[in-house]
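Trainee: After the sequence you'll find the predicted model.
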Amino acid sequence: MVTALVTGANRGLGLGFIRQLLLRPQVKTIIGTSRSLPPDDILASLVGSNKGRIRRVILEDISDISSCANLAEQIKDISPNGVNLLINNAGYAHQPDRRPGVRETGLSFPSVAGAKDYETTWRINAFGPLLLTATLLDHGLLTLTRITTNYSTVNSEEEVAIAEVPVVVNISSRQASVGMAAEMFTGDGDPRDDLYFHHIYAASKVALSGVTLHLARTLRDRAIVGAIHPGFIKTEMGRLGADLTTDQSASHVLDVAFSWKTLKDSGQYVDYLGRRLPW
Ligand SMILES: NC(=O)c1ccc[n+]([C@@H]2O[C@H](COP(=O)([O-])OP(=O)(O)OC[C@H]3O[C@@H](n4cnc5c(N)ncnc54)[C@H](OP(=O)(O)O)[C@@H]3O)[C@@H](O)[C@H]2O)c1
């Protein structure tokens, strides 16, 4: 049985994950993080109508060491054996001021304001998933389960798969693809606008790719780690012109995550339909 942890579960895609995890019978406990616990938001009402199966916990800031440690303590109370599906979903993209007459400058053009936004965005989108994963590992909350031996005595991949390998899904973006962004400058040197268009956000997701590969490599005997582009989704970040609803995207992403069963599946960067993307 699966215990799933979803960060940024109070709105957007995170809330879609909570609703879609509820539809999967193999998922016993769903833990959703939120930066505060208002009594009357949608996540609170889902907790109320699915007593015991969903738990709402505080993660004030995924990029802060004590916030992550505090989350680990809350998880120990709910699920002492930890989690076997971690969805690093919480993310940030600076939203330009769209009020009529306001013309925001400075962020995309190199500037101190832009550099500060790089720092914030990288901390939340790349350092945050690394820190949270490391915190869960340190607290023994992300481990192989149903196993009576220690790692060194696990002899085959099949044995590891039977032992239930924890899965870490880093929610990435198509914009993380350096391979695709490299096409931006081919030809006459006039950059294509559809690639790497939100530079700061894109660069943070490139950094998340580095984190994903680092985790996949260092955890290769104990966890499956991968990055998934969830599509262009109708959320505050993706806006209404996007292609997918949060539930459609979450359902696809979960299909991909649940198809990852053995350590051989680690180290992938795919889209929500499981199609490989160039790193
Ligand atoms: N929407 C798209 O089209 C799209 C496309 C590709 C990838 N993605 C990725 O999908 C993920 C979810 O995106 P979304 O569209 O659902 O975004 P969203 O609607 O903006 O929601 C972001 C979530 O992250 C939480 N969060 C932000 N900063 C945090 C921090 N420092 N610590 C803890 N939680 C924090 C937010 O909490 P608050 O509610 O408290 O602010 C919220 O729950 C992100 O990783 C995003 O990069 C989205």
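Mentor: Noted; the coordinates are in hand.
Trainee: pull the longest strand from this structure.
Mentor: Ranked by residue count and defined by DSSP state E, the top strand of the chain is strand 27-34.
Trainee: Dihedrals phi and psi, the residue positioned nearest the centre of the chain?
Mentor: Note on the chain: the residue nearest the mean C-alpha position is Asn88, at 2.5 Å, using Cα atoms, centre = their mean. When quoted as degrees, to the nearest 10, the phi and psi of Asn88 stand at phi -80, psi 90.
Trainee: Next, the residue in the stretch 151-279 of the chain that the ligand sits nearest to: secondary structure please.
Mentor: Residue of the stretch 151-279 of the chain nearest the ligand, by Cβ to the nearest ligand atom: Gly238 (2.6 Å). Placement of C-beta: from N, CA and C, glycine included. Here Gly238 takes the coil state, with states given by DSSP: H, G, I helix; E, B strand; the rest coil.
Trainee: just to revisit the earlier point, for the residue nearest to the centre of the chain, what are its contacts?
Mentor: The neighbourhood of Asn88, defined by Cβ atoms under 8 Å, 6 or more residues apart in numbering, consists of 7, 62, 128-129, 132-133, 168-171.
Trainee: Just the residues you listed: which are in helices?
Mentor: Using DSSP state H, the members of the contacts of Asn88 that fall in helices are 128-129, 132-133.
Trainee: Nearest residue to the residue nearest to the centre of the chain in space, please, no chain neighbours.
Mentor: Among residues not flanking Asn88 along the chain, Pro129 sits closest, at 3.7 Å (Cβ to Cβ, 6 or more residues apart in numbering).
Trainee: Now do the contacts for that neighbour.
Mentor: Pro129 touches 62, 88, 170, 208, 211, counting by Cβ under 8 Å, 6+ apart.
Trainee: when you check the ligand, which of those turn up near it?
Mentor: With the criterion set as Cβ under 6 Å from any ligand atom, the members of these near the ligand are Ile62.
Trainee: which residues does the nearest residue to Gln26 once chain neighbours are set aside bridge with?
Mentor: Of all residues not flanking Gln26 in the chain, Val2 sits nearest, at 5.4 Å (Cβ to Cβ, 6+ apart). Beta bridges link Val2 to Val27 when assigned by DSSP bridges.
Trainee: what's the distance between the closest residue to the ligand within the stretch 51-200 of the chain and Tyr118?
Mentor: The minimum distance from the stretch 51-200 of the chain to the ligand, using Cβ to the nearest ligand atom, falls at Gly91 (2.4 Å). Gly91 sits 15 Å away from Tyr118, going by Cβ to Cβ, to the nearest Å.
Trainee: And the two? Which one has more around it.
Mentor: Gly91 (26 against 19; other Cβ atoms under 10 Å).
Trainee: helix, strand or coil for that one?
Mentor: coil.
Trainee: And the one 3 residues further on, by the same measure?
Mentor: Counting by three-state DSSP, the backbone at His94 sits in coil.
Trainee: Return the residues in contact with the closest residue to Ser173 other than its chain neighbours.
Mentor: Nearest in space to Ser173, with sequence neighbours left out and distances taken as Cβ to Cβ, 6+ apart, is Lys205 at 4.5 Å. Going by Cβ under 8 Å, 6+ apart, Lys205 touches 125-126, 172-173, 175-176.
Trainee: now stretch 28-39, how far from the chain's geometric center?
Mentor: Averaging C-alpha positions (Cα atoms, centre = their mean, to the nearest Å) puts stretch 28-39 15 Å from its chain's average.
Trainee: Contacts for it next, please.
Mentor: 1-10, 14-15, 17-18, 21-22, 41, 43-44, 53-62, 71, 75, 78-79, 83, 90.
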